[in-house]
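Student: Give me coordinates for this.
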Amino acid sequence: MPELVLWDIDHTLMATRGLGRELWAQAFAEVTGTAMREQALVTGSTERVILRETARLHGIPYGDELFAAFAAALGSAHVRRAAELRERGHALPGAAAVLSSLTERGVRQSVVTGNVRAAAEVKLAVFGLDSYVFLDEGAYGEDGEGRSELLGKALTRAGASAGAAVFLGDTPADVAGGREAGVRVVAVATGRASAEDLREAGAVEVLESLSDLPEVLAAIGT
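Tutor: Sure thing, here's the model as predicted:
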């Protein structure tokens, strides 16, 4: 049984059905004074990288101060529109059941996500998933640029070894980051990447969804 299970958030545990991009554009305009014309590639990336590259696309200088202001604005936007997020988005089928079952088995859980922490907290709370995870043991968009770096931060915070942890994510970047960090990855084909894409990225365990509880628990190793 793993000592620690780490979860990606977007398209692994939940879907925001377009509201996430709206909130991102809102925060971008607020801190830069420029309406977002286009956004850098999002899938599998972190908010720090997405902001840096989106700022570049708009000819806006990037720095730590800009990211700090953006992170605060994005978190506030999620807080203000939490009710709308609840109405438009949803937890993915089986997510709550898997989290609950792991908690009942005594497995510690947290998140490794490109979201800034404030946004991650709102998303998890809105869909009733926050009570299952130790947020202080996770890693967020403020903590680095790549999945491997974030996984390392989470392992340190949780006091866990890479060999005792499992990471669930939905992108080839999640798979690559887990492999680089030495963490076993269970890939879930609930995002834009197909099961074939995830296997080609190096995932040994690939699930079509979280709906089949026994299958998911077996893949995790419980």
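
Student: Break the protein into its domains for me.
Tutor: Taking automatic domain parsing as the criterion, the chain consists of the domains 4-16+90-220, 19-86.

Student: deepest of these, which one?
Tutor: domain 4-16+90-220 (a mean of 20; mean count of other Cβ atoms under 10 Å). C-beta coordinates here come from the backbone N, C-alpha and C atoms, glycine included.

Student: Please name every helix or strand in contact with the longest helix seen in the chain.
Tutor: Identified as the longest helix of the chain according to DSSP state H is helix 64-80. Judged by 3 or more Cβ pairs under 8 Å, 6 or more residues apart in numbering; DSSP states H and E, the packing partners of helix 64-80 are helix 19-32, helix 47-57, helix 117-126.

Student: For residue 69, which of those is the nearest?
Tutor: Smallest distance to residue 69 across the helices and strands packed on helix 64-80 (Cβ to Cβ): 4.5 Å, for helix 19-32.

Student: Run through who's touching that closest one.
Tutor: The contact list for helix 19-32 (Cβ atoms under 8 Å, 6 or more residues apart in numbering) reads 10, 34-36, 39, 42, 50-51, 54-55, 58, 60, 66, 69-70, 73-74, 76-78, 81, 84-85, 88-89, 119.

Student: and if you look at stretch 112-120?
Tutor: 6-10, 23, 44-47, 49-50, 71-72, 74-76, 78-79, 111, 123, 135, 138-142, 147, 150-151, 154, 167, 169.

Student: One more pass at 7 Å, please.
Tutor: Identification of contacts with stretch 112-120 by Cβ atoms under 7 Å, 6 or more residues apart in numbering yields 6, 8-9, 45-47, 71, 74-75, 78, 111, 138-142, 147, 150-151, 154, 167.

Student: Among these, which lie within helices?
Tutor: Short answer: the contacts of stretch 112-120 in helices (DSSP H) are 47, 71, 74, 75, 78, 147, 150, 151, 154.

Student: residues contacting the fifth one?
Tutor: Right, the one you point to is residue 78. 23, 85, 118, 119, 122.

Student: again with the first one
Tutor: Taking Cβ under 7 Å, 6+ apart as the definition of contact, the neighbours of residue 47 are 71, 114, 115, 116, 141.

Student: Just the pLDDT at it, thanks.
Tutor: In this model, residue 47 is scored at 95, pLDDT.

Student: how much space between it and residue 179?
Tutor: Distance of residue 47 to residue 179, given as Cβ to Cβ, to the nearest Å: 23 Å.
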